[in-house]
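J.: below are the sequence and a predicted model for it; my questions follow.
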Amino acid sequence: MPKGQIRKALSGFYYVKHEDTLYQTRGRGNFRNRNITPLVGDWVEFESSSITDGYVLEVLERKNELIRPQVSNVDLGVVVTSCVKPNFSYNLLDRFLVTLESKNIQPLIYITKMDIAPDDVIHEMEKMRSYYESIGYPVLFSDTPDKDVLTTYFKDKLTVFMGQSGAGKSTLLNKVAPDLNLEVADISEALGRGRHTTRHVELIELHGGLVADTPGFSSIDFLEIELQELPKQFPEFLEASEFCKFRECQHQKEPKCEVKKRVDSEEILLSRYENYLQFYEEVRTRKPKYNKK
């Protein structure tokens, strides 16, 4: 039975790439009863009598999945955030990073609009870059030689773009893949953010890898992360926690907490810790989900 990868989902059809051919297929009839929804990025077993008439028979195990865009088996998440118009937000950046960490997706931070940033903002971005790179996150700046480095990360990976509205996700995608011609929305002056310009998801072959052609979510609610797992999504917290007094320290009011100690000594960025405390409360107080039967 042939295996392939879903490269596009549209109007009830799944377009499966097998070797060098794209097959148009439908989902198996019992998928709905089994609560299975094939996603772009899924590896599947399928059968096909022709390139326009086939069926997905089985969805193979995923390593992760995202809701917006709806894509699975993601390797790299490019977090696109502007330094001005809209202004840079440590809080929003950390939300994306925590979400990617929880999905075991490698993050890459891409800062846009550096060419129109005043000197004090550029200085702040340099400080940000120094810290985030020290904890393992690559940081690239637009309008510098960095912009040509981005595509070197695509090889052998499935990459998605995400970030705040108005940060320039579609513009950046159009730069790395000019044939896309994605619609770019103007920034709403009243709201200070861009209007959504998303559409269905398709994976395109680009620079030796696959890139989702649709910009992803612009805001995040922590709907899946469990409270005890949250501290583990901060790499520098995870490293420091080995020296905490308590094995499952939540870095709140526990005595001899190494994370709080490093925050006080400025080894850990204060904004990271403050964002962690806010995220912790959001997860702790969120309403339980009830599965519909």
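T.: Sure thing, it's come through.

J.: quick check: pLDDT value at the spatially most central residue of the chain.
T.: For the chain, the residue nearest the mean C-alpha position is residue 77 (4.1 Å; Cα atoms, centre = their mean). pLDDT, the model's per-residue confidence, is 96 for residue 77.

J.: so how far is residue 110 from it?
T.: Residue 77 sits 10 Å away from residue 110 when distances are taken as Cβ to Cβ, to the nearest Å. C-beta: built from backbone N, CA, C; applies to glycine.

J.: residue 140 too?
T.: Per Cβ to Cβ, residue 140 is found 5 Å from residue 110.

J.: find residues that contact each of these two.
T.: Residues touching both residue 140 and residue 110 comprise residue 150, with contact defined as Cβ atoms under 8 Å, 6 or more residues apart in numbering.

J.: between the two, tell me which one has more neighbours.
T.: Each of residue 140 and residue 110 has its neighbours counted (other Cβ atoms under 10 Å); residue 110 has more, 24 against 21.

J.: checking that one next. Helix, strand or coil?
T.: Residue 110 falls in the strand class when you classify it by DSSP: H, G, I helix; E, B strand; the rest coil.

J.: surely it touches residue 150?
T.: Yes. Judged on Cβ atoms under 8 Å, residue 110 makes contact with residue 150 at a distance of 6.5 Å.

J.: need the residues touching each of the two.
T.: Here residue 110 and residue 150 have 78, 140, 172 as joint contacts, going by Cβ under 8 Å, 6+ apart.

J.: rebuild those residues as CSV, extending it with distance to residue 126.
T.: As requested, these are exported to CSV (distance: Cβ to Cβ, whole Å):
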residue, distance to residue 126
78, 20
140, 13
172, 21
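
J.: and residue 72, what is it in contact with?
T.: For residue 72, the contact set (Cβ under 8 Å, 6+ apart) comprises 39-42, 62-66.

J.: so what pairs up with it in the strands?
T.: On the basis of DSSP bridges, residue 72 takes part in beta bridges with residue 65.

J.: adjust the sequence numbering to begin at 40 for everything that follows.
T.: Happy to do that; since the first residue is 40 now, the last one works out to residue 111.

J.: so it versus residue 259, what's the distance?
T.: With distances defined as Cβ to Cβ, the gap from residue 111 to residue 259 amounts to 18 Å.

J.: same question, residue 313
T.: When residue 313 is compared with residue 259 (using Cβ to Cβ), they lie 17 Å apart.

J.: which parts of the helix or strand that contains residue 277 are buried?
T.: Mapping residue 277 onto the secondary structure by DSSP states H and E places it in helix 274-279. Residues of helix 274-279 classed as buried: 275-276, 279 (neighbour count, 16 or more other Cβ atoms under 10 Å).

J.: need the next SSE after that helix, C-terminal direction.
T.: Proceeding C-terminally, helix 274-279 gives way to helix 297-303 as the next helix or strand, assigned by DSSP H and E.

J.: what residues of that next one count as buried?
T.: Buried, per 16+ other Cβ under 10 Å, within helix 297-303: 297-299, 301-302.

J.: against which helices or strands is it packed?
T.: Here helix 297-303 is seen to pack against helix 274-279, helix 309-324 when contacts are counted using 3 or more Cβ pairs under 8 Å, 6 or more residues apart in numbering; DSSP states H and E.
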